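Here is my input, please return the structure:
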Amino acid sequence: MPLYEHVFIARQDLSNAQAEGLIEHFSTVLADNGGKVVENEYWGVKTMAYKINKNRKGHYAFLKSDAPASAVQEMERLMRLHDDVMRVLTIKVDKHAEGVSVQMQKRDEREDRGDRGDRGGFGGERRERPSFGGDRGDRGERPSFGAPRR
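Sure, this is the predicted structure:
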């Protein structure tokens, strides 16, 4: 059977137990239609980049499944009809990644991030900031942008 990965976002005003109950509900929908959930992860409440249905945050959940296309279509149909589910993303994959997803790894365990060095901009070199307004001289006064001083 084909392998899929699903991510869905549920409303922020649900409790953690209700959000995890949604994971179980949609897992049983897949199982009833001839598929199985290989692994599931509850990522918790996260802030979204933009508002969805007047919500700034949402409960994120991730499912890895091994199911026929008809079972996935039925689960997606029920997710779109469910009032608590705001967004759904399903991707067909060749094989599931081993271990936990990147979202669940601790920051210090992530290997894919290289050394950022001196945190400089593009190219890694630091440049001097341009001076504005001309030479201040040794007096330390601010440059004048209007009429000359008398």
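
What is the burial count for residue 66?
By the criterion of other CB atoms under 10 Å, residue 66 has 15 neighbours. In short, each C-beta sits where N, CA and C put it, glycine included.

no no, residue 37
Residue 37 sits with 21 neighbouring residues when counted by other CB under 10 Å.

Let me see the contact set for the residue lying closest to it once chain neighbours are set aside.
Of all residues not flanking residue 37 in the chain, residue 27 sits nearest, at 4.3 Å (CB to CB, 6 or more residues apart in numbering). Residues in contact with residue 27 (CB atoms under 8 Å, 6 or more residues apart in numbering) are 37, 40, 63.

any chance of those in JSON lines, plus distance to residue 50?
Output for the contacts of residue 27, formatted as JSON lines (distance: CB to CB, whole Å):
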{"residue": "37", "distance to residue 50": "29"}
{"residue": "40", "distance to residue 50": "26"}
{"residue": "63", "distance to residue 50": "24"}
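
The residue nearest to residue 69 when sequence neighbours are not counted: neighbouring residues, count only.
Closest residue in space to residue 69, ignoring its immediate chain neighbours: residue 2 at 6.6 Å, by CB to CB, 6+ apart. Using other CB under 10 Å, residue 2 has 13 other residues around it.

is it true that residue 2 touches residue 70?
No: with contact defined as CB atoms under 8 Å, residue 2 does not reach residue 70; the gap is 10.9 Å.

Pull the CA coordinates from the lengthiest helix in the chain and hand them back as CSV.
Taking DSSP state H as the criterion, the chain has its longest helix at helix 16-32. Output in CSV follows, covering the C-alpha atoms of helix 16-32 (Å, rounded to 0.1, in the frame of the first residue of the first chain):
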residue,chain,number,x,y,z
ASN,A,16,-4.7,18.8,24.7
ALA,A,17,-6.8,15.7,25.4
GLN,A,18,-9.4,16.7,22.8
ALA,A,19,-6.6,17.4,20.2
GLU,A,20,-5.1,13.9,20.9
GLY,A,21,-8.7,12.5,20.6
LEU,A,22,-8.8,13.9,17.1
ILE,A,23,-5.7,12.0,16.3
GLU,A,24,-7.3,8.8,17.6
HIS,A,25,-10.5,9.5,15.7
PHE,A,26,-8.8,9.9,12.4
SER,A,27,-6.6,6.9,13.0
THR,A,28,-9.7,4.8,13.4
VAL,A,29,-11.2,6.2,10.2
LEU,A,30,-8.1,5.0,8.4
ALA,A,31,-8.2,1.6,10.1
ASP,A,32,-11.9,1.2,9.3
